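Colleague: Okay, predicted coordinates and the sequence, questions at the end:
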Amino acid sequence: MSAKSSGGADAHKRRAGERAAEEVEDGMVVGLGTGSTTAYAIEALGRAVADGLEIRGIATSFQSRRLALDVGIPLTDLDAVDGIDLAIDGADQVVDDPDSPAHRALIKGGGAAHAREKLVAAAADRFVVVADSSKLVPVLEAPVPVEVLPAAHTVVADRIEDLGGDPTLRMATHKDGPVVTDNGNLVLDCAFGSIDDPAALARDLSSIPAVLEHGLFVDFADTTYVGTDDGLEVRSY
Ligand SMILES: O=C(CO)[C@H](O)[C@H](O)COP(=O)(O)O
């Protein structure tokens, strides 16, 4: 999937994605996130590679791998490198309140790619988030995507209800049945209302057997680029 043309939220996404791509320098290993905002960064990196920038990308999904190949970014794998210099990725919600202990916590996984996205973000020296301004919130409240082993989805759903969540199995739109992740698993979108303590919820979710990964990213982001009507806002943490 390529990035869409600009206008409204798309223009905001483009500003954020293209600005993040400017952070990439010759010789870097770059984590390539998933989603429409990151697609602008990947396309910008493809243009820079065509102009001589030498990088290696690590894709976080089938979608980001295809796009990177389409635009000519050489790819490698996590087990073939010593580390990742910089990872760029989008978010579904970002806490934007410097007075909150949850400042910079994210919800990711709108594209069901959060397991590999978190792996790559955790391996990166710097994790740069790209978002349009609609993603900024004072408190996280979107459903948290939880990737689960297929055989365990009802058991995990029960455990999530015990935690006060309301899990819904994510269903595919162009096939019968559920969304299946790039890892062959299922996704429960788990509504918790306002998430005042994302770190505690992240620990609780991680402790459930058969949860592969959840979409709460606490203390991962180093910088967030936010595309707005007026231009670009930068949050450095
Ligand atoms: O976490 C993600 C995929 O798993 C995406 O980065 C997130 O859903 C944001 O996507 P977009 O940039 O299209 O709004």
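Modeller: Cool, got the structure.

Colleague: Please count neighbours and contacts with C-alpha atoms only from this point.
Modeller: Noted.

Colleague: List the beta-bridge partners for the residue lying closest to I58 once chain neighbours are set aside.
Modeller: The shortest distance from I58 to any residue that is not its chain neighbour, by Cα to Cα, 6 or more residues apart in numbering, is 4.8 Å, and that residue is G31. With beta bridges defined as DSSP bridges, G31 has these partners: I58, A87.

Colleague: Check the gap between M171 and D89 for me.
Modeller: 24 Å (Cα to Cα, to the nearest Å).

Colleague: who has more neighbours, the two?
Modeller: When neighbours are counted by other Cα atoms under 10 Å, M171 and D89 differ, and D89 comes out ahead with 29 against 15.

Colleague: ok, the more buried one touching V130?
Modeller: Yes - in this structure D89 lies within contact range of V130 using Cα atoms under 8 Å: 6.0 Å.

Colleague: overlap in contacts of the two?
Modeller: Common neighbours of D89 and V130 (criterion: Cα atoms under 8 Å, 6 or more residues apart in numbering): 37-38.

Colleague: so what does the helix of greatest length in the chain touch, helix or strand wise?
Modeller: Once the chain is assigned using DSSP state H, the helix that runs over the most residues is helix 36-50. Using 3 or more Cα pairs under 8 Å, 6 or more residues apart in numbering; DSSP states H and E as the contact criterion, the neighbours of helix 36-50 among helices and strands are helix 9-21, helix 62-71, strand 84-89, strand 124-132.

Colleague: Give me the distance between that helix and the centre of its chain.
Modeller: 16 Å (Cα atoms, centre = their mean, to the nearest Å).

Colleague: Kindly report the same for stretch 158-169.
Modeller: A distance of 22 Å separates the C-alpha centroid of stretch 158-169 from that of its chain, computed with Cα atoms, centre = their mean.

Colleague: Check which residues of it are buried.
Modeller: Residues 159-160, 165-167, 169 are the ones in stretch 158-169 that count as buried (16 or more other Cα atoms under 10 Å).

Colleague: got the contact list for that stretch?
Modeller: Counting by Cα under 8 Å, 6+ apart, the neighbours of stretch 158-169 from elsewhere in the structure are 157, 178, 186-192, 204-205, 208.

Colleague: swap in stretch 66-77?
Modeller: 1-2, 39, 42-43, 45-47, 49-50, 55-59, 65.

Colleague: Include pLDDT, secondary structure and distance to the ligand when you put the buried residues of stretch 158-169 into TSV, please.
Modeller: Conversion of the buried residues of stretch 158-169 to TSV gives the following (pLDDT from 0 to 100; DSSP: H, G, I helix; E, B strand; the rest coil; distance: Cα to the nearest ligand atom, whole Å):
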residue	pLDDT	secondary structure	distance to the ligand
R159	98	helix	23
I160	98	helix	20
G165	98	coil	20
D166	98	strand	20
P167	98	strand	17
L169	98	strand	16
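
Colleague: which stretch among the helices and strands packed on helix 36-50 comes nearest D222?
Modeller: Across these, the minimum distance to D222, taken as Cα to Cα, is reached by strand 124-132, at 5.4 Å.

Colleague: follow-up on the earlier one: and of the contacts of stretch 66-77, the nearest to the ligand?
Modeller: Checking those against the ligand with Cα to the nearest ligand atom, the nearest one is A39 at 7.7 Å.

Colleague: My read is that the closest one contacts G17, right?
Modeller: Yes - using Cα under 8 Å as the test, A39 is close enough to G17 to be in contact (7.3 Å).

Colleague: Looking at those two, which is more packed in?
Modeller: The neighbour comparison of A39 against G17 (other Cα under 10 Å) goes to G17, with 33 against 28.

Colleague: any idea how far T168 is from the closest residue to that one other than its chain neighbours?
Modeller: What sits nearest to G17 in space, not counting adjacent residues and going by Cα to Cα, 6+ apart, is A41, at 4.3 Å. Shown here: A41 relative to T168, a distance of 31 Å by Cα to Cα.
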